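Student: give me the fold of what follows.
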Amino acid sequence: MEDRPLPEQVVHETIINLIKRSLYNYPNPAQPHLMTFVNHPLRNKVVTDAEGNEYYPDIVIINTLNNKIVMIGEVETFSSINEEEAQQWAKFATLVPVFYLFYPRGLYDKVKALIKDIKVSGLFEYQKTNEHYTITRRWPFLS
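Tutor: Numbering: from 1, shown residues only. You can find the predicted model right below:
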């Protein structure tokens, strides 16, 4: 995990909690068998690879019927959009069927360059408007 400046740590945690509350609030009546875990500020759900290496992505969604991970989400800030983090994204993308990346608005070109060889399922931008953060799907576009 990237060491972030304190203001970015606050944004990072705020966005993770917003995603959990607004996009992936599981379990819920429509999806009672899904469960969302966040790994900030505490580590709640480990993801392991075939070699037994442990990872703690920002957001992990599991199917409680079979305990399989169905989605990983990673939230980045201005200082964490870099090659080192992209290596972690590449690993996450190999561990699950769906890997989403969330990043600050205005960094699409930089993110796009970093993910050129990574199988990302979707990109989401976040921004602060009038004291509130919003999250917008950037790619793939919904029809």
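
Student: and Ala93, what element?
Tutor: Assigned by DSSP states H and E, Ala93 belongs to helix 83-95.

Student: Leu18: which element?
Tutor: Following DSSP H and E, the helix or strand that holds Leu18 is helix 6-22.

Student: ok, then the element right after that helix?
Tutor: Next along from helix 6-22, by DSSP H and E: strand 34-38.

Student: next, the angle helix 6-22 makes with that next one.
Tutor: 170 degrees (axes from the mean of the first three to the mean of the last three C-alpha atoms, to 10 degrees).

Student: now strand 34-38: mean pLDDT?
Tutor: The average pLDDT within strand 34-38 is 98.

Student: tell me who's in contact with Asn44.
Tutor: For Asn44, the contacting residues are Phe37, Val38, Val60, by C-beta atoms under 8 Å, 6 or more residues apart in numbering. For the C-beta atoms, the positions are set from N, CA and C on the backbone; glycine is no exception.

Student: my error: substitute Ile15 in the last question.
Tutor: By C-beta under 8 Å, 6+ apart, the neighbours of Ile15 are Val75, Phe102, Tyr126, Tyr133, Ile135.

Student: tell me which residues in the helix holding Ala93 are buried?
Tutor: Within helix 83-95, the residues scored as buried using 16 or more other C-beta atoms under 10 Å are Glu85, Ala86, Gln88, Trp89, Ala90, Lys91, Phe92, Ala93, Leu95.

Student: this completes my enquiry, with thanks.
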